[in-house]
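>>> structure, please.
(chains A, B, C and D)
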There are 2 protein chains.
Amino acid sequence: MSARQELAQEGDRPETVFLMLEGWAMRYTVMPEGGRQVLAFLMPGDFCNFHVTLLAEMDHSISAITPGLVAAIPRAQVTRLCESTQNLQRAFWWSQLVDEGVLRSWISSLGRRNSHERVAHLMCELYVRAHNIGLTRQDGSCEMPVSQLVLADALGLTPVHVNRVFRKFRLDNVLTIGRGRLIINDIDKLVQIAGFQGNYLHRRLRTAA
Amino acid sequence: MSARQELAQEGDRPETVFLMLEGWAMRYTVMPEGGRQVLAFLMPGDFCNFHVTLLAEMDHSISAITPGLVAAIPRAQVTRLCESTQNLQRAFWWSQLVDEGVLRSWISSLGRRNSHERVAHLMCELYVRAHNIGLTRQDGSCEMPVSQLVLADALGLTPVHVNRVFRKFRLDNVLTIGRGRLIINDIDKLVQIAGFQGNYLHRRLRTAA
DNA sequence: CGCAATTTTGAGGAATGTCAACCTTTGTGG
DNA sequence: CCACAAAGGTTGACATTCCTCAAAATTGCG
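Sure, this is the predicted structure:
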């Protein structure tokens, strides 16, 4: 995929399931007056539109952020795979449930955190997710190929305000963002500002009773 | 269940899956500073904590709003049911995916709608969901046993502000809320204010290709 | 090098929050 | 059936966060 390529549009009934292999993408909706709300960031390993195996149509759009690579799997094949392999189905389902946890965490952020907490929390989440798939460096930095405009659309803030929050974090030596990279200078302070607890990312699977 | 009864707490590893039969409940989280964010309203037909069949622990709490009735199904039995009956598993999964659509819609509301649009949108959603399960009257009213305080915690607003929005809606003859009931006076105006489109509730299932 | 996108900064305004009081309804026990 | 308490709803005055608009500075890219 190339940067900004549309992978699926609201209302589509795609016949292909996309699995992210390289690069970043995002889910988003466009409001009647033209505003945009980002609903999720997609990283390697994430399914873009697993829904289409069961739901009639896309209720949101998906767009690439960076150039990258996606696996395009015919819908019917995914369905067949699910039906044949119990373990695989479980795995897909688990991944779905984790996604739900992330969505709930975003709701908490948007509803009950102020702009600083909100930005800090999103940075924590993206860093941890990047770390989980081996996309962080030893020095506490990771790729963050997302413009402040897009971050603002994810955080329910304006780009201007997001920029001011980042400035404050930079001056306070909490983190530095720029040139497509996030550098965390003081992880403890960041976690504390965010009130971050990673439990909603559900790294552990329920084991048999 | 009795009103305000806790059905599950964040961090729990319940051995029972709850299915709502009568009454209303809610998912919610408590923020470090004590604020509460409601994540979902649960009505008859909704699973409270299907997650526990696969995920290690609850990442949020669930509490009854009204007195009511829940079916408590042993976790192992749900798992067995899923593994034995392909169609049932599909149905559960579908329901999970619909829930996800609702979560995404809440994110859009919290991120990109002002207080009036937000309140209007939630009222639309709850009315439609109540209608889907036969809990509305001919006169365009439905039960709404939710205090403005709880609504505020769902909408990411303060109770005071929610109250002001309701007052405006009442004066503008859009809707009336009170005594545990929502009366919609002008559905067209309400839908227009909310920018409501029901597609995210995914009433239609994907049919075989 | 020059254009386009993005980031940064400032000034002023609007939406929503905070605090505090009062009112209304509902339920309870005498 | 009344008195009271508790919960929830309503209103006002004022504060603050975040937004809007506008422009300048910087960066990325062909």
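>>> and the host helix or strand of residue A:161, what does it pack onto?
Element membership of residue A:161 [criterion: DSSP states H and E] is helix A:159-171. Counting contacts by 3 or more C-beta pairs under 8 Å, 6 or more residues apart in numbering or on different chains; DSSP states H and E, helix A:159-171 is packed against helix A:115-132, helix A:148-155, strand A:175-178. No exception for glycine: its C-beta is placed from N, CA and C like everyone else's.
>>> out of the ones you listed, the one nearest DNA strand D is which?
helix A:115-132 (3.6 Å; C-beta to the nearest atom of the strand).
>>> report the buried residues of that closest one.
A:115-127, A:129-130 (16 or more other C-beta atoms under 10 Å in any protein chain shown).
>>> returning to that earlier point: so which of the helices and strands packed on helix A:159-171 gets nearest DNA strand C?
Closest to DNA strand C of the helices and strands packed on helix A:159-171 is helix A:148-155 (C-beta to the nearest atom of the strand; 3.3 Å).
>>> ok and that closest one relative to helix A:115-132, angle-wise?
100 degrees (axes from the mean of the first three to the mean of the last three C-alpha atoms, to 10 degrees).
>>> which outside residues touch helix A:148-155?
With C-beta atoms under 8 Å, 6 or more residues apart in numbering or on different chains as the test, helix A:148-155 has contacts from A:26, A:28, A:35-38, A:41, A:65, A:109-110, A:115, A:118-119, A:122, A:158-159, A:161-163, A:166, A:177, B:111.
>>> mind exporting the C-alpha coordinates of the helix or strand of chain A with the lowest mean pLDDT to PDB?
Between all helices and strands in chain A, the lowest mean by mean pLDDT, DSSP states H and E belongs to helix A:75-84, at a mean of 90. Provided in PDB are the C-alpha atoms of helix A:75-84 (Å, rounded to 0.1, in the frame of the first residue of the first chain):
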ATOM      1  CA  ARG A  75     -13.200 -13.300   2.600                       C
ATOM      2  CA  ALA A  76     -14.400 -16.800   1.800                       C
ATOM      3  CA  GLN A  77     -11.000 -18.200   2.600                       C
ATOM      4  CA  VAL A  78     -11.000 -16.600   6.100                       C
ATOM      5  CA  THR A  79     -14.500 -18.100   6.700                       C
ATOM      6  CA  ARG A  80     -13.300 -21.500   5.600                       C
ATOM      7  CA  LEU A  81     -10.200 -21.300   7.700                       C
ATOM      8  CA  CYS A  82     -12.300 -20.300  10.800                       C
ATOM      9  CA  GLU A  83     -14.700 -23.200  10.200                       C
ATOM     10  CA  SER A  84     -11.900 -25.800   9.800                       C
END
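>>> just how off-centre is it within its chain?
Distance of helix A:75-84 from the chain centroid (C-alpha atoms, centre = their mean, to the nearest Å) equals 25 Å.
>>> state the next helix or strand along the chain beyond it.
helix A:86-112.
>>> go through that following helix and flag the buried ones.
For helix A:86-112, the neighbour count (16+ other C-beta under 10 Å) marks A:89-90, A:92-112 as buried.
>>> then stretch A:143-150?
Applying 16+ other C-beta under 10 Å to stretch A:143-150 flags A:143, A:144, A:145, A:146, A:148, A:150 as buried.
>>> just the closest of those residues to chain B, please.
Checking those against chain B with C-beta to the nearest C-beta, the nearest one is residue A:150 at 12.6 Å.
>>> so how far does stretch A:136-155 reach from one end to the other?
End-to-end span of stretch A:136-155 (C-alpha to C-alpha, to the nearest Å): 23 Å.
>>> any bit of it sitting next to DNA strand D?
No. Using C-beta under 7 Å from any atom of the strand, stretch A:136-155 stays clear of DNA strand D, coming no nearer than 7.5 Å.
>>> starting at the chain centroid, how far to that stretch?
The answer for stretch A:136-155 is 11 Å, by C-alpha atoms, centre = their mean.
>>> so is that stretch next to DNA strand C?
Yes. Using C-beta under 7 Å from any atom of the strand, stretch A:136-155 reaches DNA strand C at A:147, A:148, A:149.
>>> in JSON lines, list those along with pLDDT.
Listed next are the residues of stretch A:136-155 next to DNA strand C as JSON lines, based on pLDDT from 0 to 100:
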{"residue": "A:147", "pLDDT": "97"}
{"residue": "A:148", "pLDDT": "97"}
{"residue": "A:149", "pLDDT": "97"}
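>>> need the helices and strands packed on helix A:159-171 in a markdown table (columns: distance to residue A:17).
Shown next, in a markdown table, are those (distance: least, C-beta to C-beta, whole Å):
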| stretch | distance to residue A:17 |
| --- | --- |
| helix A:115-132 | 21 |
| helix A:148-155 | 24 |
| strand A:175-178 | 32 |
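>>> helix or strand for the spatially most central residue of chain A, which one?
Nearest to the mean C-alpha position of chain A, counting by C-alpha atoms, centre = their mean, stands residue A:41 at 2.3 Å. Per DSSP H and E: residue A:41 is located in strand A:36-42.
>>> partner strands of that strand, parallel or antiparallel?
Taking DSSP bridges as the criterion, strand A:36-42 sits next to strand A:25-30 (antiparallel) in its sheet.
>>> now do the partner strand: distance to the chain's middle.
Distance, centroid of strand A:25-30 to centroid of chain: 10 Å (C-alpha atoms, centre = their mean).
>>> what does that strand rub up against?
Residues outside strand A:25-30 that contact it (C-beta under 8 Å, 6+ apart): A:1, A:7, A:10, A:36-42, A:48, A:59-65, A:68, A:70, A:150, A:153-154, B:104, B:108.
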